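Colleague: output the structure for:
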Amino acid sequence: MALTSLKRSLAAGLLAGLASAAPAGEVTVSAAASLTNAFKDMAQGYEAAHPGSKVLLNFGASGALLQQMAKGAPVDVFASADQETMDAAQQQGLVRAADRQDFVRNTLVVIAPMDAKAPPAALKDLAGPGVARVALALPASVPVGRYARHALEAAGLWGAVQAKAVNTTNVRQSLDYVARGEVDAGFVYATDAALMKDKVKTAFAVPLDRAILYPIARTAASGNAAEAAAFIAYVRSPAGQAILARYGFLKP
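Modeller: Next up is the predicted model:
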């Protein structure tokens, strides 16, 4: 009886392992929220170029995606909106240094509602009386928030603007707050602002002393390493770069 139970347990374990294994041709991609529209097109393009392949997409703040992977979420490819988050993934052994590469560049801007009569023209205006609420993604977990904080600290304005901050969980939430007129201004990427030209206006580009480079990497725990590498190669190919350029992303 004990032997029969053991055989059943082993069989059950084998079946569970097979069920959890990624099907051939399937790749799971966790990507920064600002890549949402471009990567949806990217997935379609990749699947068309690789018949039988399937791309599963997961979007969110880069820091939140990192936490998901650290807790064991099955991910084959990770695309972050900043180097810091990818550095953390590497330090935690979630990606390997040899597998990461920069694939696109972006710019930071401040936007205002389309009907704003006197939108801010520079960072210093965010601290003035004409601006009461500023959409600012949480710097602890969202790259666009860190870029914004860095720029404000360099200008000596962090304290004044932080007091007016309406914190958001990702860049798309900041974009939505501005589009709905719930805040006077917000920090987003230029590519996000371009998605709602009828609802928001770009007030000014934020000066930064660092480039906003997006890294991408196959994860160390990928269950489909070959498919992950093929997807990354497509992202960096002329076809993939053309998709990114269509959404306003720049070459790294």
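Colleague: which parts of the stretch 51-200 of the chain are helices?
Modeller: 62-70, 83-91, 123-126, 143-154, 158-162, 171-179, 190-193 (DSSP state H, counting those that start in this stretch).
Colleague: with only the CA atoms kept, save the fourth one in PDB.
Modeller: Once non-C-alpha atoms are left out, helix 143-154 reads as follows in PDB (Å, rounded to 0.1, in the frame of the first residue of the first chain):
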ATOM      1  CA  PRO A 143      11.400  54.900 -12.700                       C
ATOM      2  CA  VAL A 144       9.600  58.000 -14.000                       C
ATOM      3  CA  GLY A 145       9.200  59.100 -10.400                       C
ATOM      4  CA  ARG A 146      12.900  58.700  -9.800                       C
ATOM      5  CA  TYR A 147      13.800  60.700 -12.900                       C
ATOM      6  CA  ALA A 148      11.400  63.400 -11.700                       C
ATOM      7  CA  ARG A 149      12.800  63.500  -8.200                       C
ATOM      8  CA  HIS A 150      16.400  63.600  -9.600                       C
ATOM      9  CA  ALA A 151      15.600  66.600 -11.800                       C
ATOM     10  CA  LEU A 152      13.800  68.400  -8.900                       C
ATOM     11  CA  GLU A 153      16.600  67.700  -6.500                       C
ATOM     12  CA  ALA A 154      19.100  69.100  -8.900                       C
END
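Colleague: could I get the helices of the stretch 51-200 of the chain as CSV with distance to Val206 and mean neighbour count?
Modeller: Quick note: C-beta positions are derived from backbone N, CA and C, even for glycine. CSV is the format used below for the helices of the stretch 51-200 of the chain (distance: least, Cβ to Cβ, whole Å; neighbours: other Cβ atoms under 10 Å):
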stretch, distance to Val206, mean neighbour count
helix 62-70, 18, 21
helix 83-91, 17, 18
helix 123-126, 7, 19
helix 143-154, 5, 22
helix 158-162, 12, 16
helix 171-179, 13, 24
helix 190-193, 10, 23
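Colleague: any chance of those helices in TSV, plus distance to Ser30 and mean pLDDT?
Modeller: As requested, those are exported to TSV (distance: least, Cβ to Cβ, whole Å; pLDDT from 0 to 100):
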stretch	distance to Ser30	mean pLDDT
helix 62-70	4	97
helix 83-91	10	98
helix 123-126	32	98
helix 143-154	14	98
helix 158-162	29	97
helix 171-179	15	98
helix 190-193	18	98
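Colleague: for those helices, could you give me JSON lines that also reports distance to Asn37?
Modeller: As requested, the helices of the stretch 51-200 of the chain are arranged in JSON lines below (distance: least, Cβ to Cβ, whole Å):
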{"stretch": "helix 62-70", "distance to Asn37": "17"}
{"stretch": "helix 83-91", "distance to Asn37": "20"}
{"stretch": "helix 123-126", "distance to Asn37": "27"}
{"stretch": "helix 143-154", "distance to Asn37": "16"}
{"stretch": "helix 158-162", "distance to Asn37": "28"}
{"stretch": "helix 171-179", "distance to Asn37": "10"}
{"stretch": "helix 190-193", "distance to Asn37": "8"}
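Colleague: any weak-confidence spans in the stretch 151-252 of the chain?
Modeller: By pLDDT under 70, the stretch 151-252 of the chain has no low-scoring segment.
Colleague: by residue count, tell me the biggest strand in this structure.
Modeller: strand 95-106 (DSSP state E).
Colleague: give me the distance from that one to the chain's centre.
Modeller: 13 Å (Cα atoms, centre = their mean, to the nearest Å).
Colleague: how much space between Val142 and Ala135?
Modeller: According to Cβ to Cβ, to the nearest Å, Val142 stands 11 Å off from Ala135.
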